[in-house]
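Enquirer: fold the following for me, if possible:
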Amino acid sequence: MPVPPRRTAAALAVTVSAALLASACTGSTDNTATDDPNAETTITFWHGWSAPSEVKAIKDNVARFEKAHPNIRVKVVGNINDDKLNQALRAGGSNGPDVVSSFTTANVGKFCASGALADLGPFLEKDEVDLDKTFPKVLQEYTQFEGVRCALPLLSDAYGLYYNKDAFEAAGITAPPKTWSEFTEVAKKLTKPKGDSYEQLGFMPNYLGYETVVSHYMSQWNHRYFDADGKSNIAKDPAFAEMMTYQKSLVDDLGGFRKLDKYRTTFGDEWGAEHPFHTGQVAMQLDGEWRLNFIEDAGVDFEVGVAPLPVADDEVKEYGKGYLSGTIMGIAPQSKKQNAAWELVKYMTMDTDAVVSFAGAIGNVPSTLDALKSPDLKFDDRFRVFLDIAQHPESTTSDNAVNGSTYQDTLTDFAQKYEKGEVSDLQKGLEETAAQIDRDIARSK
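Expert: Take a look at the predicted model:
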């Protein structure tokens with residue numbers, strides 16, 4: 001099946017076209033909405049969901065909105081990726097969307113700075129929305145940039161650790177590891193070599209592994225991507241060197257990059273029944289809350305456990321935190337129906353019943369404080385782990401930048417070279433990478 005963009009916000013951030021973002025619309029973020037929200041009208045909503053169950057969930061939510069707002073009809077267009085979205089926002093015109101959603105939170109900085117999405121500040125002020133009482137802090141952070149809020153959260157993702165309980169029991173492991181040093185020992189115990197390959201791998205640590213990307217690892221170390229002056233901090237903050245050193249040691253301990261990468265090429269599709277965790281090829285998997293639905297659909301023949309990812313050894317008190325991401329929702333600045341568009345955005349992102357029902361339908365984490373505590377939110381105990389990660393005070397997301405995900409791309413390129421053994425001086429490499437990130441950002445301003 002095609003990659004479901006809802007579930008790969010962080011991964012897509014690494015691959016989205018920088019060129020398209022660089023040429024995104026530079027329309028005004030001044031909201032001059034003059035349409036009457038009580039008038040009969042039709043607005044167009046573009047989203048990226050494509051799986052039948054997800055498309056149905058969107059349509060059901062929109063139907064509830066239309067029932068509550070009988071004067072507003074919504075034309076829903078699905079399976080819109082960021083390339084199509086950027087082209088439409090850049091081109092403008094009457095055939096484009098009024099309301100949009102995106103799975104690439106890393107590009108909010110670009111969306112807000114360029115005016116590709118309208119400033120929602122005036123709408124929030126008009127309706128006297130208290131953001132601190134509405135959304136978790138991290139979600140507030142990734143939907144604004146430098147004081148401009150051009151998006152709101154629409155469901156969120158939390159990343160944790162899936163583990164094969166049967167494999168744990170066979171290896172004599174009684175509990176999931178809480179620190180990275182414990183994790184190494186567990187991963188080694190779970191690994192069963194077979195010639196130049198594996199019968200079972202404890203964990204796939206390579207950056208090209210499913211979801212094992214730099215930003216997800218970094219969430220388990222206290223870190224700052226940028227300093228107070230907006231300069232890259234990756235060479236000054238020791239957390240980055242610590243993470244990369246650890247990841248490289250894990251790669252080496254589990255067989256080395258080449259052996260692991262060869263094994264990785266045998267894996268089935270990330271979004272299909274043949275995912276390596278489903279088949280037992282790997283015993284532990286870094287992944288988001290959506291994996292629970294895939295595990296159920298795949299009918300795996302072992303018991304699955306879920307826990308937070310381990311943390312740095314000297315940060316054990318912060319165990320329970322994780323990486324957060326999610327979908328964003330905003331208004332096209334060229335829309336002539338922004339007041340009506342705002343009603344849809346407000347409903348889908350802040351109405352508790354709407355958020356709870358949508359989250360339950362597609363198996364994602366609710367994005368408002370009230371929805372997270374709603375008695376109507378019904379999930380099993382494993383999903384509760386992700387709800388706790390989403391509310392952990394030390395959970396983090398990637399910083400926004402004026403050029404979107406470019407700095408993450410640059411850092412990932414360097415990290416991949418380091419894990420392969422192509423870089424001998426880590427600190428020098430981080431310094432050169434930081435300088436490149438600063439140059440790229442300066443060119444984007």
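Enquirer: which stretches of the stretch 251-400 of the chain form strands?
Expert: Remark: strands of the stretch 251-400 of the chain, listed N- to C-terminal, are 282-288, 304-307, 324-331; assignment by DSSP state E, counting those that start in this stretch.
Enquirer: ranking those by burial, who's on top?
Expert: strand 324-331 (a mean of 28; mean count of other CB atoms under 10 Å). Placement of C-beta: from N, CA and C, glycine included.
Enquirer: quickly run through the sheet partners of that one, with directions.
Expert: Strands flanking strand 324-331 in the sheet, each with its direction: strand 99-102 (antiparallel), strand 152-164 (antiparallel) (DSSP bridges).
Enquirer: and these, which one is worst for confidence?
Expert: Per-segment confidence across those bottoms out at strand 99-102, which has a mean of 93 in mean pLDDT.
Enquirer: mind listing residues that contact it?
Expert: Outside of strand 99-102, the residues that reach it under the criterion CB atoms under 8 Å, 6 or more residues apart in numbering are 43-48, 80, 82, 85, 89, 111, 117, 151, 154, 327-332, 335, 341, 344-345.
Enquirer: which of the residues in it are buried?
Expert: Of the residues in strand 99-102, those with enough neighbours to count as buried (16 or more other CB atoms under 10 Å) are Val99, Val100, Ser101, Ser102.
Enquirer: just the CA coordinates for it, please, in CSV.
Expert: As requested, C-alpha coordinates have been extracted for strand 99-102 and formatted as CSV (Å, rounded to 0.1, in the frame of the first residue of the first chain):
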residue,chain,number,x,y,z
VAL,A,99,-8.7,24.8,4.3
VAL,A,100,-5.6,22.5,4.3
SER,A,101,-3.9,19.9,6.4
SER,A,102,-0.3,18.7,6.3
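Enquirer: which is the next helix or strand following it?
Expert: On the C-terminal side of strand 99-102, the nearest following helix or strand under DSSP states H and E is helix 108-114.
Enquirer: can you tell me the closest non-neighbouring residue to Val316?
Expert: Here the nearest residue to Val316 in space, its sequence neighbours aside, is Thr179; by CB to CB, 6 or more residues apart in numbering that works out to 5.7 Å.
Enquirer: the one you found contacts Lys317, doesn't it?
Expert: No. Under the criterion of CB atoms under 8 Å, Thr179 is not in contact with Lys317, lying 11.0 Å apart.
Enquirer: so these two - more neighbours on which side?
Expert: Set side by side, Thr179 and Lys317 give different neighbour counts by other CB atoms under 10 Å, the larger being at Thr179 (17 against 8).
Enquirer: dump the residue contacts of the more buried one.
Expert: For Thr179, the contacting residues are Pro310, Val311, Ala312, Asp313, Val316, Tyr319, taking CB under 8 Å, 6+ apart as the criterion.
Enquirer: going by neighbour count, which residues of the one helix or strand Asp409 maps to are buried?
Expert: When elements are defined using DSSP H and E, Asp409 is found to belong to helix 406-419. Neighbour counts over helix 406-419 (16+ other CB under 10 Å) mark Thr406, Tyr407, Gln408, Asp409, Thr410, Leu411, Thr412, Phe414, Ala415, Gln416, Tyr418, Glu419 as buried.
Enquirer: chain center to that helix, what's the gap?
Expert: Mean-position distance between helix 406-419 and its chain equals 18 Å (CA atoms, centre = their mean, to the nearest Å).
Enquirer: helices or strands up against it?
Expert: Packing partners of helix 406-419 (3 or more CB pairs under 8 Å, 6 or more residues apart in numbering; DSSP states H and E): helix 9-15, helix 214-218, helix 238-253, helix 426-444.
Enquirer: Glu199: neighbour count?
Expert: Residues contacting Glu199 under the criterion other CB under 10 Å number 11.
Enquirer: so how far is Asp287 from it?
Expert: Distance of Glu199 to Asp287, computed by CB to CB, to the nearest Å: 22 Å.
Enquirer: roughly how far apart are the nearest residue to Thr191 once chain neighbours are set aside and Ala116?
Expert: Across the structure, with CB to CB, 6+ apart as the measure, the residue nearest Thr191 apart from its sequence neighbours is Gly202 (4.3 Å). Here the distance between Gly202 and Ala116 works out to 43 Å (CB to CB).
Enquirer: what's the answer for Val99, then?
Expert: With distances taken as CB to CB, Val99 is found 14 Å from Ala116.
Enquirer: so Val74, which state does it fall into?
Expert: Taking DSSP: H, G, I helix; E, B strand; the rest coil as the rule, one finds Val74 in the strand state.
Enquirer: can you give me the pLDDT of the spatially closest residue to it that is not a sequence neighbour?
Expert: Nearest non-adjacent residue to Val74, counting by CB to CB, 6+ apart: Val62, 4.9 Å away. We have a pLDDT of 96 for Val62.
Enquirer: measure Val62 to Asp82 for me?
Expert: Counting by CB to CB, the separation of Val62 from Asp82 is 21 Å.
Enquirer: what separates Gly360 from Glu242, distance-wise?
Expert: Gly360 sits at a distance of 38 Å from Glu242 (criterion: CB to CB).
Enquirer: quick one: contacts for the residue nearest to the spatial centre of the chain?
Expert: With distances taken as CA atoms, centre = their mean, the residue of the chain nearest its centroid is Ser325 (3.3 Å). Residues in contact with Ser325 (CB under 8 Å, 6+ apart) are Ala9, Ala10, Thr105, Tyr142, Ser156, Asp157, Tyr159, Gly288, Thr397, Ser398.
Enquirer: count of neighbours near the last one?
Expert: Other residues lying near Ser398 total 28 when counted by other CB under 10 Å.
Enquirer: how close does it get to Gly160?
Expert: Relative to Gly160, Ser398 is positioned 17 Å away (criterion: CB to CB).
Enquirer: wait, Thr327 sits on Leu154?
Expert: Yes. With contact defined as CB under 8 Å, Thr327 and Leu154 form a contacting pair (4.4 Å).
Enquirer: the helices and strands packed on helix 406-419: which one's closest to Asp370?
Expert: Proximity to Asp370 (CB to CB) singles out helix 9-15 among the helices and strands packed on helix 406-419, at 22.8 Å.
Enquirer: contacting residues for the closest residue to Thr245 other than its chain neighbours?
Expert: In space, Thr245 comes closest to Leu426 once its chain neighbours are excluded; the distance is 6.9 Å by CB to CB, 6+ apart. Applying CB under 8 Å, 6+ apart to Leu426 gives the contacts Ala241, Met244, Thr245, Tyr418.
Enquirer: which residue ranges of the stretch 151-300 of the chain form helices?
Expert: Here the stretch 151-300 of the chain has its helices, by DSSP state H, counting those that start in this stretch, at 165-170, 180-190, 214-218, 238-253, 257-264, 276-279, 291-298.
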